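> here is a sequence with its predicted model. Questions after.
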Amino acid sequence: MRSYRKTTYPSSSQSSSLVNAPIQLTANPGDILYLNIENPHASDKAYVQFFDALAVDVVLGTTKPRRSIVIPGGSVWDGQFTVPMAFDTAITIAATTTREGSTTPSTALIVGCIDYLS
C-alpha cells in the first residue's frame with residue numbers, strides 16, 4: 001500500500017531550484033497528485049520532465065520522459081491531477097528548455113510543493 005508524501009521546498013535535504021539535474025523524489029513506485037512549480041523568467045518557457053526511473057538512470061536528452069509539462073515564462077503550474085501520474089519504478093524530475101531535451105532553463109524553476117503517494 002502506498003503512503004502519502006508531501007515534498008515542500010525548501011527543505012534541508014533538497015533545493016527549491018529545478019534545473020537540468022535530475023532530482024529523485026522517491027526510489028519506489030508512486031503517483032504524483034499535485035504540483036506547484038513556478039517559472040520566474042519573464043518570457044522563456046520551460047518544461048518539467050517526469051521520469052519513471054531512478055535519477056542515476058536518467059540521461060537528459062536520451063531517456064524518454066513519461067510525461068512533460070510546459071510552464072510559460074512568468075507562470076506557475078499549480079494544480080491537482082484528476083488522475084494521478086503513475087510511476088512503476090521511481091519518480092524523478094528535471095527542468096529543460098524543450099519537452100525531451102537536456103538544456104537547462106535560463107532561470108531555474110522554483111518548486112513550491114509536490115504531493116505524491118509512494
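Nice, I can see it.
> next one: the most centrally placed residue in the chain from residue 77, what distance?
When Cα atoms, centre = their mean is applied to the chain, the residue found nearest the centroid is residue 93 (3.6 Å). Distance from residue 93 to residue 77, counting by Cβ to Cβ, to the nearest Å: 12 Å. Backbone N, C-alpha and C define where each C-beta goes, glycine included.
> overlap of the contact sets of those two?
Contact criterion Cβ atoms under 8 Å, 6 or more residues apart in numbering; residues shared by residue 93 and residue 77: residue 48.
> what stretches of this structure score poorly on pLDDT?
Scanning the chain for pLDDT under 70 picks out 1-15.
> which strand runs longest in it?
When secondary structure is assigned using DSSP state E, the longest strand within the chain turns out to be strand 75-87.
> and it, what does it pack onto?
Strand 75-87 makes packing contacts with strand 30-39, strand 46-51, strand 67-71, strand 109-117 when contacts are defined by 3 or more Cβ pairs under 8 Å, 6 or more residues apart in numbering; DSSP states H and E.
> related to what we said a few turns ago, for the residue nearest to the centre of the chain, give its distance to residue 57.
The span separating residue 93 from residue 57 equals 14 Å under the rule Cβ to Cβ.
> do residue 90 as well
The span separating residue 90 from residue 57 equals 8 Å under the rule Cβ to Cβ.
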